[in-house]
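Asker: one predicted model, sequence on top.
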Amino acid sequence: MRLKGNVALITGAAQGIGEAYARRFAAEGARVGAVDVNREKGEAVAASIRDSGGDAVFFACDVSSEDDTRRMASAVAERFGAIDTLVNNAAIFYGMESFNHSSTT
């Protein structure tokens, strides 16, 4: 448990890579602030981590909103006392339907 006592705030934690980060940080002993716009999936991830013996709390947040992000960071710090690590995983992709996956070589 290399991260015991640390607090990790992970954005985009409701699925995919963000969920994997949240689960791994918790497995390493970190207390996890799981952040996402998807409340249903985010709460499920946090509950699953707790069910596995970890410490995780879901925080709903749209990281494209500065006000929302400030409120969330304050809530995480208030809940856990500090934020030691930020995994800024949340992202918005526009125009992916036109992305060409074929190689040019």
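Answerer: Perfect, thanks for sending it. Numbering: from 1, shown residues only.

Asker: for the least confident helix or strand in the chain by mean pLDDT, the distance to its chain's centre please.
Answerer: Sorted by mean pLDDT, DSSP states H and E, the helices and strands of the chain end with helix 66-80, the least confident at a mean of 92. Relative to the chain's own centre, helix 66-80 is displaced by 13 Å; criterion: Cα atoms, centre = their mean, to the nearest Å.

Asker: list the contacts of that helix.
Answerer: With contacts defined as Cβ atoms under 8 Å, 6 or more residues apart in numbering, helix 66-80 is touched by 7, 9, 31, 33, 35, 57, 59-63, 83. In this view, the C-beta of every residue, glycine as well, is placed from N, C-alpha and C.

Asker: at 10 Å what do you get?
Answerer: With contacts defined as Cβ atoms under 10 Å, 6 or more residues apart in numbering, helix 66-80 is touched by 6-9, 11, 30-35, 37, 55, 57, 59-63, 65, 82-83, 86, 90.

Asker: show me the shaky parts of the protein.
Answerer: Scanning the chain for pLDDT under 70 picks out 92-105.
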